[in-house]
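A.B. asks: Got a predicted model here, sequence first, then my questions.
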Amino acid sequence: MMRKMVIVVMGCVWLGGCSHMPFWKKQMADPVTVTGTAASEGVPSAVSKNLTGAYDGLSLCQSELKSLQGVDSKLYQHHKAQLESNLARASQYIVMRPGLSGDMQSVMDSVYQAQIARTCQQIHADLFASLLKQADGR
């Protein structure tokens with residue numbers, strides 16, 4: 001149930017916007033369409049009915065976060081809390097999103113999308129740096 005909510009939230013927030021980023025574009029598969037599942041989870045169906053987006057970006061981010069747990073548990077805890085906080089704020093926004101103007105939706109979608117993308121990029125960079133340190137024997 002939580003996984004479906006995360007997928008719906010990320011679909012609403014990302015709206016496919018991360019696909020222009022080289023890091024994500026290399027990881028993306030074909031767009032995924034979500035229908036019907038969000039209404040039963042309390043997210044308005046008007047928001048969810050046309051969702052298409054890059055859910056592989058979030059999957060990769062969560063996978064790299066899990067990998068970081070085995071390499072540097074302190075960084076893992078920090079990034080896990082940060083990602084959960086971003087997703088919680090995005091969930092709150094999604095609830096109020098239908099009542100906002102189109103311009104405001106566009107701006108706020110970009111804000112939440114950028115926050116989540118920044119966190120995922122930091123997870124990626126810290127995992128890479130930690131793996132390099134480990135390989136160098138530091």
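C.D. replies: Okay, I see it. Because the structure is a prediction, the values reported are computed rather than measured. Numbers count the residues shown, from 1 in each chain.

A.B. asks: Okay, helices next: where are they in the protein?
C.D. replies: Ranges of helices in the chain, per DSSP state H, are 2-14, 22-25, 45-48, 55-71, 73-96, 102-136.

A.B. asks: can I get those in a markdown table with mean pLDDT?
C.D. replies: Listed next are the helices of the chain as a markdown table, based on pLDDT from 0 to 100:
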| stretch | mean pLDDT |
| --- | --- |
| helix 2-14 | 54 |
| helix 22-25 | 41 |
| helix 45-48 | 32 |
| helix 55-71 | 89 |
| helix 73-96 | 96 |
| helix 102-136 | 95 |
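
A.B. asks: Just say which of those is most tucked in.
C.D. replies: helix 2-14 (a mean of 20; mean count of other C-beta atoms under 10 Å). C-beta: built from backbone N, CA, C; applies to glycine.

A.B. asks: wait, what's in contact with L131?
C.D. replies: The contact partners of L131, by C-beta atoms under 8 Å, 6 or more residues apart in numbering, come to V71.
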